[in-house]
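Undergrad: need a 3D model of the following:
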Amino acid sequence: MKISIFGLGYVGAVTAACLARDGHEVIGVDVNPDKVDLIAKGESPIVEPGLSQLLIDGVAAKLITATIDTEAAVLASNVSLISVGTPPIERGEPDLTYVWNVCKQIAKAASHKTESHVVVLRSTVPPGTLEKCQNLIDSITGNNSIHLAFNPEFLREGSAIKDYDQPPYTIIGTESPVAEAAVRQMYATVDAPFTVVKPSVAEMVKYVANCWHAAKVGFANEIGRVAKAFGVDGREVMNIIVQDTKLNISPVYMRPGFAYGGSCLPKDLSALLYHARNMDVPVPLLNALPTTNSVQVDLAAQQVLRLGVRQIAVLGLAFKPGTDDLRESPAVLLVKRLIGEGCQVKIYDPAVYEARLMGTNLAYIQSNLPHFEGLLVPNSQQALEGAELAVVTHATPEFHQVLLDAPKEMQILDLAGVFNQTSKELGYHGIAW
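TA: Next up is the predicted model:
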């Protein structure tokens with residue numbers, strides 16, 4: 001392929017070198033003539049292991065050239081990658097000026113071409129940016145001859161070439177078959193599965209990945225502080241934690257839904273926060289966990305109240321399905337809130353209905369819902385009878401079928417992701433989708 005790359009910073013330089021190594025013809029474009037001169041001579045503008053040799057090889061093979069001439073680069077290529085910076089401004093808002101400028105330049109140049117052109121945005125941008133790029137380009141060209149895709153990069157400084165060659169997946173955010181085919185061809189030699197999604201999803205994934213990395217760093221550091229205060233080596237602790245790929249480092253819990261609860265997570269987090277306070281160890285990330293958990297319950301209650309309903313069926317009362325444990329269950333707190341707001345609630349939870357509650361489990365529910373036995377019903381039909389809204393807190397096959405069979409006029413608030421695909425049905429509401 002013939003590929004022009006706009007922006008010869010970290011991502012652009014690494015991408016150019018790797019694409020040329022894989023046999024593509026690459027034209028680097030940058031407004032900085034110094035960067036252009038370095039790339040044209042096969043010299044790296046950044047320090048990155050292995051990059052200098054790849055650039056030398058690419059220039060020697062006449063697969064890498066560089067220019068400040070935008071139009072020439074576009075006319076000589078089939079695909080243009082945009083990897084310009086999006087630095088923060090003012091309150092943290094990303095500055096997309098460079099993205100808009102490059103889009104305009106590519107559009108003006110491509111309007112002189114007879115064949116279609118593909119633009120692949122690689123810069124980190126907020127969801128909705130690619131759509132705005134498409135509108136901007138179409139307004140200049142006056143047609144739909146330019147096809148766009150968003151292709152996030154996951155290159156770490158210091159291991160960028162290895163990361164380029166061994167990504168977990170290659171994400172293509174596009175609704176254009178032409179752009180999708182071009183990106184697939186561009187990465188044909190990279191051994192990774194392709195994931196094709198809407199552009200806004202791909203744009204969001206990039207932000208989430210980096211925020212998750214930041215959260216992991218902050219979490220490990222806070223655990224290290226508390227461990228040290230106990231006289232424990234936090235490195236040893238975290239080395240053991242990450243060996244558990246069944247729960248700790250896994251997809252488990254990593255999905256939007258309702259709040260956490262039960263007898264373990266709230267209690268143990270509370271205990272660790274207590275000891276951190278007593279030992280004067282700052283743990284702002286850990287301190288935020290109970291707050292954000294409570295917010296999720298509040299948001300669920302607010303969604304119910306905004307719907308203006310009063311007759312409500314709640315499917316699932318225990319903190320998770322398959323148990324009768326009501327301790328710290330977010331569903332209990334939600335029901336308590338709704339009753340306080342004047343709602344009439346009926347609850348169906350087969351495990352709780354059949355259980356013989358005792359001990360701390362019974363004490364907890366009696367202190368929060370003193371007359372909860374009167375709210376429980378033996379089957380889903382009784383729960384849904386007369387209900388205006390069904391609130392589901394457990395993603396079980398039974399509840400999935402119950403909701404499929406529910407009266408069409410009944411609204412649904414899905415707090416557990418019972419339906420994998422976001423429903424477009426009027427009356428279906430998800431808490432985070």
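
Undergrad: from here on, contacts and neighbour counts on C-alpha atoms
TA: Noted.

Undergrad: report the buried residues of the helix ranked longest in the chain.
TA: In the chain, taking DSSP state H as the definition, the longest helix is helix 199-229. Residues 199-206, 218-219, 221-227, 229 are the ones in helix 199-229 that count as buried (16 or more other C-alpha atoms under 10 Å).

Undergrad: roughly how far is it from the heart of the chain?
TA: The chain centroid and the centroid of helix 199-229 are separated by 12 Å under C-alpha atoms, centre = their mean, to the nearest Å.

Undergrad: which neighbouring elements make contact with it?
TA: Applying 3 or more C-alpha pairs under 8 Å, 6 or more residues apart in numbering; DSSP states H and E, one finds that helix 199-229 contacts helix 129-141, strand 146-150, strand 170-173, helix 234-241, helix 284-306.

Undergrad: how about these in TSV, adding mean neighbour count?
TA: TSV is the format used below for the helices and strands packed on helix 199-229 (neighbours: other C-alpha atoms under 10 Å):
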stretch	mean neighbour count
helix 129-141	17
strand 146-150	27
strand 170-173	25
helix 234-241	13
helix 284-306	15
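
Undergrad: among those, which comes closest to Cys18?
TA: Closest approach to Cys18 among the helices and strands packed on helix 199-229 (C-alpha to C-alpha): strand 170-173, 14.9 Å.

Undergrad: can you list contacts of the next helix or strand after the closest one?
TA: Per DSSP states H and E, the first helix or strand lying C-terminal to strand 170-173 is helix 177-186. Residues outside helix 177-186 that contact it (C-alpha atoms under 8 Å, 6 or more residues apart in numbering) are 1, 19, 24, 79, 118-120, 147-149, 172, 174, 194, 196.

Undergrad: ranking those by neighbours, who comes first?
TA: Neighbour counts for those, by other C-alpha atoms under 10 Å, peak at Ala149, which reaches 31 neighbours.

Undergrad: OK, contacts around that one?
TA: 118-121, 130, 172-176, 179-180, 199.

Undergrad: can you check Met279 too?
TA: Neighbours of Met279 in contact, by C-alpha under 8 Å, 6+ apart: Ala229.

Undergrad: need phi/psi at it.
TA: Per-residue torsions, Met279: phi -100, psi 10 (degrees, to the nearest 10).

Undergrad: output the below-cut-off pLDDT ranges for this protein.
TA: Applying pLDDT under 70 to the chain flags residues 421-424.

Undergrad: would you map the strands across the stretch 51-200 of the chain?
TA: Counting by DSSP state E, counting those that start in this stretch, the stretch 51-200 of the chain has these strands, from start to end: 64-67, 79-82, 88-89, 93-94, 117-121, 146-150, 170-173, 194-197.

Undergrad: just put those strands in a markdown table and tack on distance to Arg184.
TA: Shown next, in a markdown table, are those (distance: least, C-alpha to C-alpha, whole Å):
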| stretch | distance to Arg184 |
| --- | --- |
| strand 64-67 | 21 |
| strand 79-82 | 12 |
| strand 88-89 | 31 |
| strand 93-94 | 29 |
| strand 117-121 | 12 |
| strand 146-150 | 11 |
| strand 170-173 | 8 |
| strand 194-197 | 8 |
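
Undergrad: can you check which of those strands gets nearest to Thr393?
TA: strand 194-197 (27.7 Å).

Undergrad: tell me the strands beside that closest one, with direction?
TA: Applying DSSP bridges to the sheet, strand 194-197 is found paired with strand 170-173 (parallel).

Undergrad: what residues does the strand it pairs with touch?
TA: With C-alpha under 8 Å, 6+ apart, strand 170-173 has contacts from 149-152, 180, 183, 192-203.

Undergrad: and it, how far from the chain's centre?
TA: Its chain's C-alpha centre and that of strand 170-173 lie 13 Å apart, by C-alpha atoms, centre = their mean.
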